[in-house]
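> Whatever this is, show me its structure:
(one chain, ligands or ions: 1)
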Amino acid sequence: MTGLSTSSISPLLTAAFVATFAAIATSSFRKWMKSKKPYAYIPGPTPSTVVAHSYAGYLLDLHSPDALPWHFNVPEEYGHIARLKGGLAGADALYITDPAALNAILIRQQAWFPESTEFAGLFGIIHCGDGVASVQGLEHKKQRKYMDALFTANRVSKLTPMFYQVAHQLEDKLKAAVSDTPGKVVDMLDCLTRAALEIIGTAGIGHTFNSFDDKSEAFDEFHGAITSVLPLASRLFLVLPFLESWRKMKPVWLRRTLAYVGTLPWPSARKFRAAVDAMHPVYVNLYKARQRMLEEGGSAALADTAAGGKDLITSMIQANWDADEAHKMSEDTVLANMGSIVHGGQETTSSSLARFLTIIAEDQDLQVRLREELRDAKAKKAPGEDLDYTELEKLPLLDAVVREMMRIYSPVTFVWRQTTKDVVVPLTYPIRSIINGEETEELLIHQGTAVYLGMSAANRSTAIWGADAAQFKPERWLNRTQGESKLPGAYSGMMTFLSGAKVCPGKTFALLEMKLVLAVLLLSFSFEPIPTPIDWRMGITLEPRVRGREKEGVQVPVRVTAL
Ligand code: HEM
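The predicted structure follows:
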């Protein structure tokens with residue numbers, strides 16, 4: 001009989017036991033490693049500095065003012081899902097530009113990917129309450145019903161005369177400034193910021209800031225506050241994770257004391273607080289005035305307001321007034337939404353318009369072609385009559401240029417979301433593991449993971465848009481049908497206005513504003529570049545500075561000649 005003696009079984013059993021134990025230990029260790037670094041198989045950039053590596057991980061690279069090239073490079077070098085290494089102090093995060101994954105995160109499975117507490121907290125503080133920018137779920141849905149009703153194409157088209165009123169004020173002001181000197185250098189960012197604030201003031205909240213009056217203190221104070229609050233906030237990024245819990249802290253005296261003590265040694269934080277304190281009273285006064293009118297004269301009384309009751313917020317206040325108790329928004333919520341609308345409608349559009357002027361200043365041929373298109377359209381109108389909403393919409397070259405601007409120079413570089421439970425999302429582009437080379441076509445995102453949605457990077461991905469993705473080529477919109485991109489973005493498949501529940505409600509407003517202001521400017525002025533390059537650096541939106549003259553602050557100088 002062939003058999004094993006007890007003396008030979010014992011070493012075999014021992015070996016089997018050791019092997020089993022080793023296998024279990026290795027598997028447990030792998031599982032433990034995976035739970036600590038579940039994304040170790042995903043390629044991604046290494047934090048660039050030793051300090052970043054050991055303390056903040058990817059955070060400094062992601063938020064740095066010079067981070068734009070870093071963002072654009074991530075999908076090109078590492079793929080459309082990239083691991084962001086957390087370093088010692090933080091967990092790994094994911095940088096996502098994959099179309100199918102973005103679709104799941106923003107639309108199909110959006111319930112599990114709420115806005116990050118960082119942004120919710122920040123906007124809750126800036127707007128002094130819980131408006132659309134800082135709430136989630138059902139409360140967000142309820143508020144968006146009010147907001148989306150304000151921004152339908154039909155309602156926005158009715159704001160066109162108010163937009164023109166401001167655009168012509170800008171035209172007159174600029175004519176007066178350059179009439180004596182052809183090619184005079186003008187800071188167009190300043191002009192367009194004034195125009196954007198005045199447009200959102202009159203059409204958005206029924207209020208004028210007298211933005212074109214050089215002596216207007218109301219303008220100076222509000223303009224200073226609204227243009228500085230986000231750049232200041234971007235310098236506070238290391239405390240952003242704590243803002244939401246601070247905002248909800250009770251008792252209130254403790255919260256206020258902490259804010260006072262915490263901001264004392266920190267100039268950026270003090271200035272940030274001062275900017276918030278300068279904006280809020282404007283909204284409160286406007287709101288109270290509208291409420292008084294409603295109490296005294298009912299809805300009809302609102303016709304006596306500056307914009308005849310047609311501005312967005314007066315319509316919102318009226319709808320809220322008419323709503324039954326269960327569906328009403330609180331006073332604080334309406335106030336926070338006034339802040340959301342003014343903020344949303346300010347810096348994004350003014351900086352895009354200024355960027356646009358630098359592009360056409362550099363490309364004289366494009367400038368001439370755009371002007372010709374506008375002149376041809378105007379020639380069909382009665383003298384002195386402006387192009388209406390539909391006519392502006394129908395200009396193919398202007399439309400293509402605005403689309404390409406929005407694709408390639410998205411003012412918002414990225415947004416970030418949290419993951420509230422383990423979720424599997426599909427992928428358009430498989431991940432190739434850097435550990436074993438295997439490909440996976442879906443991604444398990446673990447609860448608690450921060451996911452960064454790289455909007456600008458997705459808009460420039462060569463896999464999605466072709467080898468010329470990084471080039472400004474308006475023709476791509478003349479030759480290609482809408483919706484061809486695989487991305488789920490709400491505007492021509494680009495991510496600029498996002499998509500899903502949090503999609504920008506002001507998209508139609510912004511596009512009309514940009515086209516209309518450009519039309520007025522191009523028909524009255526020609527633009528040439530200054531010789532020094534302008535660098536657009538990343539804040540929470542983009543910040544332009546003249547190279548070598550950074551200390552002068554944000555500006556977009558352009559040579560302007562009246563036609
Ligand atoms: C070029 C112009 C604009 C761009 C690129 C833009 C982009 C965006 C993006 C990406 C978001 C989502 C942010 C997030 O989820 O964290 C957003 C939200 C928002 N935008 Fe815009 N926006 C623009 C103009 C406007 C205008 C003109 C208004 C108002 C008149 C506006 C009002 C808002 C509001 C209220 C939100 C918050 C929506 C919510 O949280 O539900 N935006 N915008």
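> contacts and neighbour counts: CA atoms only from here.
OK.
> Around the ligand, pick out the residues from the stretch 301-450 of the chain.
Counting by C-alpha under 6 Å from any ligand atom, the stretch 301-450 of the chain comes close to the ligand at 340, 341, 344, 345, 348, 349, 410, 411, 412, 415.
> Run through the residues that contact the residue nearest to residue 470 when sequence neighbours are not counted.
Among residues not flanking residue 470 along the chain, residue 460 sits closest, at 5.5 Å (C-alpha to C-alpha, 6 or more residues apart in numbering). Contact analysis of residue 460 by C-alpha atoms under 8 Å, 6 or more residues apart in numbering lists 72, 407, 408, 469, 470.
> So for the first one, what's the pLDDT?
Spelled out, it's residue 72. As predicted, residue 72 sits at a pLDDT of 97.
> go on, the fourth one?
Model confidence at residue 469, expressed as pLDDT, equals 95.
> For the protein, which residues are neighbours of the ligand?
Checking the chain against the ligand by C-alpha under 6 Å from any ligand atom, the hits are 132-133, 340-341, 344-345, 348-349, 410-412, 415, 496-498, 502-507, 509-510.
> Let's see which of these end up in strands.
Counting by DSSP state E, these place residue 415 in strands.
> Give me the PyMOL select line for the residues of the chain next to the ligand, limited to the buried ones.
A single PyMOL command selects the buried members of those (16 or more other C-alpha atoms under 10 Å):
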select buried, resi 132+133+340+341+344+345+348+349+410+411+412+496+497+498+502+503+504+505+506+507+509+510
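> The residues of the chain next to the ligand in helices, which ones?
Those of the residues of the chain next to the ligand mapping onto helices are 340, 341, 344, 348, 349, 507, 509, 510, per DSSP state H.
> Rounded mean pLDDT for the helix or strand where residue 399 lies, please.
For residue 399, the element it lies in under DSSP states H and E is helix 396-408. Per-region confidence: helix 396-408 scores 96 on mean pLDDT.
> Now tell me what touches it from outside.
Residues from elsewhere that reach helix 396-408, judged by C-alpha under 8 Å, 6+ apart: 352, 356, 370, 373, 393, 456, 459-460, 470-478, 492, 494-496, 511, 514-515.
> Also stretch 340-349?
Counting by C-alpha under 8 Å, 6+ apart, 127, 131-133, 193, 196-197, 200-201, 204-205, 226-227, 411-412, 506, 510, 513-514, 541 sit against stretch 340-349.
> same deal with stretch 103-118?
Contacts of stretch 103-118 (C-alpha under 8 Å, 6+ apart): 134, 136-137, 240-244, 416-421, 423, 425-426, 450, 487-488, 499-501.
> List only buried entries from those.
Buried residues within those, counting neighbours by 16+ other C-alpha under 10 Å: 134, 136, 240-241, 243-244, 416-420, 423, 425-426, 450, 487-488, 499-501.
> Below-threshold pLDDT in the stretch 101-250 of the chain: ranges please.
For the stretch 101-250 of the chain, the stretches flagged by pLDDT under 70 are 237, 249-250.
> can you give me the helices for it?
Ranges of helices in the stretch 101-250 of the chain, per DSSP state H, counting those that start in this stretch, are 117-126, 137-150, 153-157, 160-178, 188-199, 205, 217-234, 240-247.
> what's the closest of the ones you listed to residue 284?
Closest to residue 284 of the helices of the stretch 101-250 of the chain, according to C-alpha to C-alpha: helix 205, at 11.6 Å.
> Remind me what that closest one packs against, helices and strands.
helix 312-322 (3 or more C-alpha pairs under 8 Å, 6 or more residues apart in numbering; DSSP states H and E).
> which residues touch the helix it packs on?
Contact with helix 312-322 is made by 146-147, 150, 203-206, 290-291, 294, 299, 302, 309, 327-329, 334, 338, as judged by C-alpha under 8 Å, 6+ apart.
> gap between the residue nearest to residue 228 when sequence neighbours are not counted and residue 542?
Of all residues not flanking residue 228 in the chain, residue 275 sits nearest, at 7.2 Å (C-alpha to C-alpha, 6+ apart). Using C-alpha to C-alpha, to the nearest Å, residue 275 is found at 19 Å from residue 542.
> try residue 292
Residue 292 sits at a distance of 39 Å from residue 542 (criterion: C-alpha to C-alpha).
> who has more neighbours, those two?
More crowded of residue 292 and residue 542, by other C-alpha atoms under 10 Å: residue 542, with 23 against 13.
> And that one, what's its pLDDT?
88.
> List just the one of the helices of the stretch 101-250 of the chain that sits closest to residue 440.
Taking C-alpha to C-alpha, helix 117-126 is the member of those nearest to residue 440, at 30.1 Å.
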